[in-house]
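In: this one's structure only:
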């Protein structure tokens, strides 16, 4: 389905799930090159940037963050010439649809975004996608800060689950953001020559924003890995401490069991057998052994 917004001699053409009729329109009306048509029809799994004498082709992948925490990659194909901009995608993309709707419903917005033609509209569109990624990275960083506090509170299973979720989100973000470097580097160097030198500053801003998202995401990645390692160390120390205490108690109880077993033998020659206070004598003996072992472990700093 093709939707079009016109402003003077400039057109923004948005295509959702292009079919044969849409492709035929692009061939006959806009005379797009076969390679460009192929890029619009065949799904692309990696970001890409190509340019011809008067045209830029971009394959951009957007992270769609679902409510259940899943991340879906949505492909957006962009064809930019001075007099028109084509956006093609296989399913609705909220950021793109919102900008298109803003231009449709408001003449003021139409003039604001379309008066400088594809050079500026391309900047606005890509900037919105990057800002959406920055929001998600900021959210990840906030959760990492909360996670750091929880790790030292020893919340166990809950902490491990949150670490796993954050690592997954960071990996998915990294898979989408890092390969897009080629788009913003190429747009900065080639875009002004094809779409207007006045847009050099705009495309430099896009490159800078993308670079910042890379650095922030890399920092988050290294931080979560360090926190995961710290969590493992703290859990190991806690387990070692528990095992150490249980071992000490086992060693203390062992001689007591031995004494109890000895005085439980059915023989005629047990010490203190015929004494009036034989139970208390044995009890005091066992208590002395226990206290002596505790003091010994304290002296050795095992307790």
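Out: Done, it's in. All values reported here derive from a predicted model rather than from experimental measurement.
In: hey, let's count contacts and neighbours off CA atoms from now on
Out: Fine.
In: in the chain, which spans are helices?
Out: Ranges of helices in the chain, per DSSP state H, are 20-29, 34-41, 94-105, 107-114, 117-153, 157-177, 181-195, 200-263, 278-299.
In: list of residues touching the third one?
Out: It refers to helix 94-105. For helix 94-105, contacts defined as CA atoms under 8 Å, 6 or more residues apart in numbering pick out 5, 109, 110, 113, 125, 128, 129.
In: count of neighbours near the fourth one?
Out: Taking other CA atoms under 10 Å as the neighbour definition, residue 113 ends up with a count of 23.
In: the one 4 residues further on now?
Out: Summarising burial for residue 117: neighbours were counted as other CA under 10 Å, giving 25.
In: hang on, isn't it packed against residue 8?
Out: No - contact criterion CA atoms under 8 Å: residue 117 and residue 8 do not qualify, at 9.8 Å.
In: which residues of the protein score low on pLDDT?
Out: 66-70, 154-157, 263, 265-270, 272-276, 302-303 (pLDDT under 70).
In: domain parsing for it?
Out: The chain breaks down by automatic domain parsing into domains covering 2-236, 246-299.
In: the longest one: end-to-end distance?
Out: I take that to be domain 2-236. In domain 2-236, first residue to last residue: 60 Å (CA to CA, to the nearest Å).
In: next one: stretch 34-49
Out: This stretch, stretch 34-49, spans 16 Å end to end (CA to CA).
In: buried residues in that stretch?
Out: Residues of stretch 34-49 classed as buried by neighbour count (16 or more other CA atoms under 10 Å): 36, 37, 39, 40, 41, 47, 48, 49.
In: counting neighbours, what do you get for the nearest residue to the fifth one once chain neighbours are set aside?
Out: To tie it back to what came earlier, the one meant is residue 41. Nearest-residue entry for residue 41: residue 18, 7.0 Å, with adjacent residues in sequence omitted and distances by CA to CA, 6 or more residues apart in numbering. Neighbourhood size, residue 18 [other CA under 10 Å]: 16.
In: now do the contacts for residue 18.
Out: So residue 18 contacts 1, 2, 40, 41, 88, 89, 90 (CA under 8 Å, 6+ apart).
In: again, but for residue 192
Out: Shown in contact with residue 192 (CA under 8 Å, 6+ apart): 198, 199, 200.
In: mind putting those residues into JSON lines with distance to residue 168 and neighbour count?
Out: Shown next, in JSON lines, are the contacts of residue 192 (distance: CA to CA, whole Å; neighbours: other CA atoms under 10 Å):
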{"residue": "198", "distance to residue 168": "40", "neighbour count": "12"}
{"residue": "199", "distance to residue 168": "36", "neighbour count": "19"}
{"residue": "200", "distance to residue 168": "36", "neighbour count": "18"}
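In: any chance of those residues in a markdown table, plus distance to residue 139?
Out: Formatted as a markdown table, the contacts of residue 192 follow (distance: CA to CA, whole Å):
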| residue | distance to residue 139 |
| --- | --- |
| 198 | 34 |
| 199 | 31 |
| 200 | 31 |
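In: closest one of the contacts of helix 94-105 to residue 194?
Out: Closest approach between those and residue 194, by CA to CA: residue 125, at 17.7 Å.
In: the closest residue to that closest one other than its chain neighbours and residue 294, how far apart?
Out: Of all residues not flanking residue 125 in the chain, residue 96 sits nearest, at 7.0 Å (CA to CA, 6+ apart). Residue 96 sits 72 Å away from residue 294, going by CA to CA.
In: same question, residue 211
Out: Taking CA to CA, one finds residue 211 at 60 Å from residue 294.
In: residue 262 now?
Out: Counting by CA to CA, the gap from residue 262 to residue 294 is 22 Å.
In: out of the two, which sits in the busier spot?
Out: residue 294 (17 against 13).
In: would TSV of the buried residues of stretch 34-49 with distance to residue 147 be doable?
Out: TSV is the format used below for these (distance: CA to CA, whole Å):
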residue	distance to residue 147
36	46
37	47
39	43
40	42
41	44
47	33
48	36
49	38
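In: and which of those is nearest residue 222?
Out: The closest of the buried residues of stretch 34-49 to residue 222 turns out to be residue 47 (CA to CA; 24.5 Å).
In: with respect to burial, which of the domains of the chain scores highest?
Out: domain 2-236 (a mean of 16; mean count of other CA atoms under 10 Å).
In: how far out from the middle of the chain is that domain?
Out: 15 Å (CA atoms, centre = their mean, to the nearest Å).
In: not counting sequence-adjacent ones, nearest residue to residue 36?
Out: Closest residue in space to residue 36, ignoring its immediate chain neighbours: residue 57 at 7.1 Å, by CA to CA, 6+ apart.
In: wait, I meant residue 23
Out: In space, residue 23 is closest to residue 37, 7.1 Å off (CA to CA, 6+ apart).
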